[in-house]
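Novice: dropping a prediction and its sequence here:
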Amino acid sequence: MTQDIYLTGITTTGTPHIGNYVGAIRPGIAASRDPSTEHFYFLADYHSLAKNEDPDKIARSTLEIAASWMALGLDTDRAFFYRQSDIPEIPELTWILTGMTAKGLMNRAHSYKAAVQANEERGNADPDKGIMMALYSYPILMAADILMFRSTKVPVGRDQKQHVEMARDIAQRFNHHYGETFVLPEPVIGDHTAVLKGLDGRKMSKSYNNTIPLFANEKQLRKLIMKIKTNSLEPGEPKDTADSTLFEIYKAFASEEEVRDIEKRYAEGIAWGEMKQLLFEYINEHLKPAREEYERLIANPGIVEAELLKGAGKARERSAPFLAQIRDSIGIRRLG
């Protein structure tokens, strides 16, 4: 039986928060320990250019994200952990794939359609106003990321499924034209992936500015948890766990027995201030060892850089010979 190869891209556009940890980092690290599979995790710094992010922000985000995964226990000897920009075969394959990508396919990309719709809603005469080619064509770059390492499984949210489908479409067209070359990837939809609410009760997201940074110091962590929105029920009044952000976050970290205990205390009318203090103490204790390691790595970025370069070296043992094969198949060959 062929070993499944999983590939996960991590966009370098912000500081990791506890929602990222619960929804992506923790399950990703757990999955990487499965000896029957291979896992590729890459920092998608080229993709961040599609959003025209601040250069210093991209560099800082790259360090923070890499340090987070390492501090939380990713085995970089077993998994492939690398920075996209350290794999020169990726941009070359992207250009090769443009020759097999229909413009109509890119026209249907969700991100491009959303940008066009925004222009139309603003009354702009040009539907493409302000839309850069990086945004328009980044599904091809994503296809290169996926196809280069013969990924069979790509964990994505439902809204990202289209990118894997586009990679399949491009691969099929290439295979039909040049012969069987690429593996056709399958999306793995995270329907049961935990999604946490943020400080204001909406989905925790950098775009809403309602996040709790994963490795906030104790003082900052407590301050943010105390800001979490609650209702006006008084101490002693029974409270519903169903719509409680505090309970949702606690449940994402606690054991089943601990959750049952808190459910009982909600029914007994635990005070919101008491619940916030309890949540702070629990999360702080849970993340303390990893936070200390994270702070050590942030203070010594050379350690993180060395791990990323090590991962890129391992990845290029796959990508370099595969690109040579692809070049030969399309007629880019030595002449003698």
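Specialist: That came through, no problem. Numbers count the residues shown, from 1 in each chain.
Novice: hang on, Lys129 is in a helix, isn't it?
Specialist: No: per DSSP: H, G, I helix; E, B strand; the rest coil, Lys129 lies outside any helix segment and is coil.
Novice: quick one: it from Val116, how far?
Specialist: Distance, Lys129 to Val116, using Cβ to Cβ, to the nearest Å: 9 Å. The C-beta positions use only the backbone N, C-alpha and C, and glycine is treated the same way.
Novice: compare these two (neighbour count), which wins?
Specialist: The neighbour comparison of Lys129 against Val116 (other Cβ atoms under 10 Å) goes to Val116, with 17 against 12.
Novice: go through stretch 152-159 and flag the buried ones.
Specialist: Neighbour-count burial for stretch 152-159, counted by 16 or more other Cβ atoms under 10 Å, picks out 152-156.
Novice: give me the lowest-pLDDT entry from the residues you listed.
Specialist: Taking those together, the minimum pLDDT is found at Val156 (87).
Novice: who does that one form a beta bridge with?
Specialist: Ile189 (DSSP bridges).
Novice: give the contact list for it.
Specialist: 163-164, 187-190 (Cβ atoms under 8 Å, 6 or more residues apart in numbering).
Novice: now Leu141: phi and psi?
Specialist: Backbone torsions for Leu141, taken as degrees, to the nearest 10, come to phi -60, psi -40.
Novice: what count of nearby residues applies to it?
Specialist: 24.
Novice: find the nearest non-adjacent residue to it, please.
Specialist: Thr94 (4.9 Å; Cβ to Cβ, 6 or more residues apart in numbering).
Novice: near that neighbour, how many other residues are there?
Specialist: 20.
Novice: next, format the contacts of Val156 as a markdown table and append pLDDT, neighbour count and distance to Tyr41.
Specialist: Formatted as a markdown table, the contacts of Val156 follow (pLDDT from 0 to 100; neighbours: other Cβ atoms under 10 Å; distance: Cβ to Cβ, whole Å):
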| residue | pLDDT | neighbour count | distance to Tyr41 |
| --- | --- | --- | --- |
| His163 | 93 | 23 | 17 |
| Val164 | 96 | 25 | 16 |
| Pro187 | 93 | 19 | 17 |
| Val188 | 92 | 17 | 14 |
| Ile189 | 85 | 15 | 19 |
| Gly190 | 72 | 16 | 15 |
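Novice: with distance to Leu246 as extra columns, can I get these in CSV?
Specialist: Conversion of these to CSV gives the following (distance: Cβ to Cβ, whole Å):
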residue, distance to Leu246
His163, 35
Val164, 35
Pro187, 33
Val188, 31
Ile189, 29
Gly190, 24
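Novice: which pair of those spans the longest distance?
Specialist: Pairwise distances across these (Cβ to Cβ) peak at 14.0 Å, for the pair His163 and Gly190.
Novice: rewinding a little: now do the helix or strand containing the residue nearest to Leu141: everything it contacts.
Specialist: When secondary structure is defined by DSSP states H and E, Thr94 falls within helix 89-98. If you take Cβ under 8 Å, 6+ apart as the criterion, helix 89-98 is touched by 46, 84, 137, 140-141, 143-145, 147-148, 170, 174, 316, 319-320, 322-323, 326, 330.
Novice: Tyr21 against Leu72, yeah?
Specialist: Yes: in terms of Cβ atoms under 8 Å, Tyr21 counts as a neighbour of Leu72; the distance is 7.4 Å.
Novice: between those two, which is the more surrounded one?
Specialist: Tyr21 (24 against 21).
Novice: distance check, Leu97 against Pro55.
Specialist: Counting by Cβ to Cβ - Leu97 and Pro55 are separated by 27 Å.
Novice: now restrict the contacts of helix 89-98 to buried residues only.
Specialist: Of the contacts of helix 89-98, these count as buried by 16+ other Cβ under 10 Å: 46, 84, 137, 140-141, 143-145, 147-148, 170, 174, 316, 319, 322-323, 326.
Novice: so of those residues, which ones are in helices?
Specialist: The members of those that map onto helices under DSSP state H are 46, 137, 140-141, 143-145, 147-148, 170, 174, 316, 319, 322-323, 326.
Novice: going by distance to Gly269, which of the residues you listed wins?
Specialist: Using Cβ to Cβ, Asp145 comes nearest to Gly269 of those, at 51.0 Å.
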